[in-house]
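Colleague: Got a predicted model here, sequence first, then my questions.
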Amino acid sequence: MNGNILIADDDQNVVEIITESLDREGYVIETACDGKDALDKFERFDPDLVILDTVLPGLDGFEVCSRILTNKNKPDIPVVMMSDDVMSESFKESAKYGAKEIIRKPFTVAEIVTKINKYFTDANEKREIIERNESLEMEVKKNQIDYDNIHKKLKLKVLNLRALSDLSQDLNKLREPQEIIHILCLTLMGQVGISSVAIFNNENLDAGELSFAGGIGVQEYDLENITFSRDSKLIEYLVSKEGVLDLEENNIGGEVAEEIKPIINLGFKYCILMVVKSNFIGIILIGNKINKQDYSENDLEMFNFLSHSAANGLANSRLYSKLQNTYLSTIKVLVSTIEAKDPYTNGHTKRVVKFANLLAERLHLSKKEQEIVSFGAALHDIGKLGVYENILNKSGELTEKEWKVIKSHPEIGANIIKDMDFLEPASDLVRHHHERLDGNGYPDALKGDEISIGARIVAVADSFDAMTSNRPYREPLSYKEAIRQLFQQTDKFDEEIVRHLSYLVESKII
């Protein structure tokens, strides 16, 4: 075995016997003849085990044991005491001072060698266990660090995917192409730190060329004169790549290289095709990163994902625009039908739509809310389709029964459009444009804020045009007089809306 042993005993015969026996076992031995010498040798020799006689000149073995075991450098070193005192007090004292064991003198060589070997065997096993545990702890810590790093990366990727998923949904909900392009550019700059982005698309699928539609970090005048033909070699090459094209690829040559030269000169690095269900609708040009670093695989995947989402959004906006135009055409036919029944209101609906649109814009309503106001204004009298022409065109005073029929037209109109998905949001305006702020209107006797802002706008626009239009029973009022009368009817009309209408009149916008 290997190990350093310090033996302290003033009996040289005992020291020689133990030294010789342990030396044969392979231990390195150092000896001391008194307590002070033992402490000095302990500091210099740095033993793995100490054998002390309880009785030593100067400092006794118990004091030496105490000082050794309070040493901060080796507090766990095993100490074996030797004593020729057969009384149990020596054993108690040894335990008190922290000795591992006490050996009675006289002892056999075999006894002491066996005990010492056992201490070192146990110590080696303990050391191996500690080292193994430390190694395992280091491995666990390393694995934990690796796990934490992977977890952080996965968490970041999940957050990015969640953000991209939300963005994809937002892009698909947007109806204005410019909004879609703007959000896409902002996202690319924010998520990846891109220095410049430019979008080229066509207004419709039949257009032969792609033109600059918007971007960020670019000079528009540099791009406004650049166009890409749908049947160009670049587009053909992009389709074959089915992904993100690095414009600086070494194998790009011929006509494709000539086509991309102007955009490379403007600092663009990548080009991405925008495709929806095999329909090519545009391309995205991407510049270098702001921090000048290379793009990662995750960045390129993000480009593909966002280009697909934006392409879907643009395609949906076109479908929405076509659907909207179809509905608008339907509305125009319905309005023409209404005004054909009531010749005295010719042009009334068109003017109410104009006034209502201007008021909605002045009140800073959202685009969606402005759209609903426009539809509500256009359809506010659609319920008159259910009113007899002889009542609508009657020049004299209406009977109570006839008034009841007339007053039913808001409810009839709302019922006509309530099941049409595109027009249903406007049904509230159609139903409630004859409500009053004081609750004396019809058909639901709503009051104050119970009446939507859209219905209040249409009510003002409708009444203003009725006052300023020719009727069989009276002459039209001037715009100024109509505004004055509207201000006097604060129990009926929203004063703020009338104030905005007054501004439009005074500014000659109306």
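Modeller: Arrived safely.

Colleague: Tell me the secondary structure at Pro106.
Modeller: For Pro106, the secondary-structure state derived from DSSP: H, G, I helix; E, B strand; the rest coil is coil.

Colleague: Next: Gly214.
Modeller: Per three-state DSSP, the secondary structure class of Gly214 is strand.

Colleague: Mind pulling the model confidence for the residue lying closest to it once chain neighbours are set aside?
Modeller: Leaving aside its sequence neighbours, Gly214 sits nearest to Ile181 (CB to CB, 6 or more residues apart in numbering; 4.1 Å). For every residue, glycine as well, the C-beta is placed using N, CA and C. The score at Ile181 is 76. That number is its pLDDT.

Colleague: go on, the one 5 residues further on?
Modeller: Per-residue confidence for Leu186 comes out at a pLDDT of 76.

Colleague: now Ala163
Modeller: We have a pLDDT of 48 for Ala163.

Colleague: Just the strands from the protein, written as ranges.
Modeller: In the chain, the strands defined using DSSP state E lie at 4-8, 28-32, 49-53, 79-83, 101-104, 197-201, 209-216, 227-229, 244-246, 268-276, 279-287.

Colleague: so can I have CSV of the ones you listed showing mean pLDDT?
Modeller: Shown next, in CSV, are the strands of the chain (pLDDT from 0 to 100):
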stretch, mean pLDDT
strand 4-8, 91
strand 28-32, 92
strand 49-53, 90
strand 79-83, 86
strand 101-104, 81
strand 197-201, 85
strand 209-216, 82
strand 227-229, 80
strand 244-246, 81
strand 268-276, 83
strand 279-287, 82
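
Colleague: if I look at the residue nearest to Gly214, how far off is Leu245?
Modeller: Separation of Ile181 from Leu245 (CB to CB, to the nearest Å): 20 Å.

Colleague: Next: Asn357.
Modeller: From Asn357 to Leu245 the distance is 44 Å (CB to CB).

Colleague: out of those two, which sits in the more crowded spot?
Modeller: Higher neighbour count among Asn357 and Leu245: Leu245, with 21 against 18, using other CB atoms under 10 Å.

Colleague: Spatially nearest residue to the more buried one (excluding sequence neighbours)?
Modeller: Using CB to CB, 6+ apart, the nearest residue to Leu245 is Cys271, at 4.6 Å.

Colleague: what's around the one you found, how many residues?
Modeller: Residues near Cys271, counting by other CB under 10 Å: 25.

Colleague: Distance-wise, check Leu6 relative to Thr54.
Modeller: Leu6 sits 15 Å away from Thr54, taking CB to CB as the criterion.

Colleague: pLDDT wise, what is the closest residue to Leu477 other than its chain neighbours at?
Modeller: Distances taken as CB to CB, 6+ apart put Met467 closest to Leu477, at 4.7 Å, once the chain neighbours are dropped. With respect to pLDDT, Met467 scores 93.

Colleague: Kindly list the single helix or strand of the chain that scores lowest on mean pLDDT.
Modeller: helix 389-392 (a mean of 60; mean pLDDT, DSSP states H and E).

Colleague: ok, the closest residue to Ile103 other than its chain neighbours to Thr114 distance?
Modeller: Closest residue to Ile103 apart from its sequence neighbours, by CB to CB, 6+ apart: Met82 at 5.0 Å. Per CB to CB, Met82 is found 15 Å from Thr114.

Colleague: more crowded one of those two?
Modeller: Neighbours were counted for Met82 and for Thr114 using other CB under 10 Å; Met82 has more, 26 against 11.

Colleague: so that one makes contact with Lys105?
Modeller: Yes - assessed by CB atoms under 8 Å, Met82 is found in contact with Lys105 at 5.8 Å.

Colleague: Common neighbours of the two, please.
Modeller: Residues touching both Met82 and Lys105 (CB atoms under 8 Å, 6 or more residues apart in numbering): Val14.

Colleague: show me the contacts for Gly383.
Modeller: For Gly383, the contacting residues are Ser408, His409, Pro410, Glu411, Ile412, Gly413, Ala414, Asn415, Ile416, Val430, by CB under 8 Å, 6+ apart.

Colleague: What is the nearest of those residues to Gly61?
Modeller: Ala414 (108.3 Å; CB to CB).

Colleague: what's the distance between the nearest residue to that closest one once chain neighbours are set aside and Phe422?
Modeller: Leaving aside its sequence neighbours, Ala414 sits nearest to Arg431 (CB to CB, 6+ apart; 3.6 Å). For Arg431, the distance to Phe422 equals 17 Å [CB to CB].
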